[in-house]
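Trainee: for reference, the sequence and a predicted model appear below.
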Amino acid sequence: MPLRSGFSLGRKKIFLLIPVVVAIALIVIQPISNSLGLNISEDAFRLILLMLIIVMVALLSERVERVRSLRKLNEELSEQAEKLADANDELEAFAYSVSHDLRVPLRAIDGFSRIMVEDYEDELDEEGIRLLNIIRDNTKKMGQLIDDILLLSRAARQDMNSTKIDMKSLAQSVYNDFSNQTENRNINLTIDELPATYGDRALIYQVYTNLIGNAIKFTSKKDPAEIIVGYEDKKGEYVFFVSDNGAGFNMKYINKLFGLFQRLHSPEEFEGTGVGLTIVQRIVKRHDGKVWGEGEVDNGATIYFSLPKNKPKK
């Protein structure tokens, strides 16, 4: 498409230059036309010159009109982009508000169902207790989904405070936060000597929380589990990664990996809401970085994210 546009633009310039060149040629040739045997009269010369001027003016007018149309389209596009950004902000605010308000009744449902199980256990039969436990399990899942949606909203709305981050210390701190999930497991964790880089510490903490949390979750059926937190030094950026030898995924579905509410494993295999990697992507994009992944079924996955080496100007 750009090649066609370039060719079209070049062709228009040629069409515009033709009458100019012909006019210049006539001006040069007219004084010596008699000696060349062309015999162009003064009136014919003026008529041809006038026609060429008219053609040039027409072509120039057409180009001016096109520039005006293009400018108008750009202005309309800017207005539409602004409206879209406003609508997106309103949608984010709505999702945040609704998610926040849903937590209160959800806590009530969970609390009262827990009281019924604990205080009325002797009066309920086995089926009644089973149904109440299903209610509690589902409120727990819905609570996790609401928490993830709120995190996603914060990832887009939260003001960024860029500072230099000790990435190795940060990754280790995140892993330690999962001690209740790792204390009885055989996990070999390797954290490379990660370079310090710039970013919002709270947001990058969330990135590692989601990636390391996923690595712990998806290696739950491996013994030993292998988790590596490393990096690659690239031109102008660092590429950090979290790799594991867990369940992995089929690369055929790579396009769904970072999609909102998209899951590559069933809820029966692994719990989750399908929001975590979308949060990672949103945060990394706000840092002018990129995120991608690779994996193989039953042979683990690696999620990469890049961060610029230099401190952002904004």
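Mentor: Cool, got the structure. Numbering: from 1, shown residues only.
Trainee: now do the helices in the stretch 101-250 of the chain.
Mentor: With DSSP state H, counting those that start in this stretch as the criterion, the stretch 101-250 of the chain has helices at 126-157, 167-177, 179-182, 201-218.
Trainee: pull out the buried positions in stretch 232-249.
Mentor: 237-249 (16 or more other Cβ atoms under 10 Å). C-betas here are computed from N, CA, C, even on glycine.
Trainee: could you do stretch 273-285 as well?
Mentor: For stretch 273-285, burial by neighbour count (16+ other Cβ under 10 Å) applies to 273-284.
Trainee: ok, so of these, who is nearest N186?
Mentor: The closest of those to N186 turns out to be G276 (Cβ to Cβ; 24.1 Å).
Trainee: can you pull the contacts of the closest one?
Mentor: Applying Cβ atoms under 8 Å, 6 or more residues apart in numbering, we find G276 in contact with 148, 210, 213-214.
Trainee: repeat that for K309.
Mentor: Contacts of K309 (Cβ under 8 Å, 6+ apart): 197-198, 236-238.
Trainee: and with 7 Å instead?
Mentor: 197, 236-238 (Cβ atoms under 7 Å, 6 or more residues apart in numbering).
Trainee: likewise for A156?
Mentor: By Cβ under 7 Å, 6+ apart, A156 lies in contact with 92, 282.
Trainee: that one and K311: what is the separation?
Mentor: Per Cβ to Cβ, to the nearest Å, A156 is found 22 Å from K311.
Trainee: for L26, same thing?
Mentor: Taken as Cβ to Cβ, the span from L26 to K311 is 63 Å.
Trainee: on that earlier part again, out of the helices of the stretch 101-250 of the chain, which one sits most buried?
Mentor: Of the helices of the stretch 101-250 of the chain, the one with the most neighbours on average (mean count of other Cβ atoms under 10 Å) is helix 201-218, at a mean of 21.
Trainee: among the buried residues of stretch 273-285, which lie within strands?
Mentor: Among the buried residues of stretch 273-285, no member is found in strands (DSSP state E).
Trainee: still on that earlier bit, using JSON lines, lay out the helices of the stretch 101-250 of the chain together with mean pLDDT and distance to I115.
Mentor: Listed next are those as JSON lines, based on pLDDT from 0 to 100; distance: least, Cβ to Cβ, whole Å:
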{"stretch": "helix 126-157", "mean pLDDT": "86", "distance to I115": "10"}
{"stretch": "helix 167-177", "mean pLDDT": "96", "distance to I115": "30"}
{"stretch": "helix 179-182", "mean pLDDT": "92", "distance to I115": "25"}
{"stretch": "helix 201-218", "mean pLDDT": "95", "distance to I115": "31"}
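Trainee: make a markdown table out of those and add distance to L60.
Mentor: Shown next, in a markdown table, are the helices of the stretch 101-250 of the chain (distance: least, Cβ to Cβ, whole Å):
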| stretch | distance to L60 |
| --- | --- |
| helix 126-157 | 47 |
| helix 167-177 | 59 |
| helix 179-182 | 72 |
| helix 201-218 | 53 |
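Trainee: who wins for proximity to V21 among those?
Mentor: helix 126-157 (56.6 Å).
Trainee: what angle do helix 201-218 and the closest one make with each other?
Mentor: Our comparison of helix 126-157 with helix 201-218, counting by axes from the mean of the first three to the mean of the last three Cα atoms, to 10 degrees, yields an angle of 140 degrees.
Trainee: which strands and helices lie in contact with the helix or strand that contains F94?
Mentor: Assigned by DSSP states H and E, F94 belongs to helix 42-119. Counting contacts by 3 or more Cβ pairs under 7 Å, 6 or more residues apart in numbering; DSSP states H and E, helix 42-119 is packed against helix 2-29, helix 126-157.
Trainee: format those helices as TSV; extra columns: distance to V297.
Mentor: Below are these laid out as TSV (distance: least, Cβ to Cβ, whole Å):
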stretch	distance to V297
helix 2-29	40
helix 126-157	25
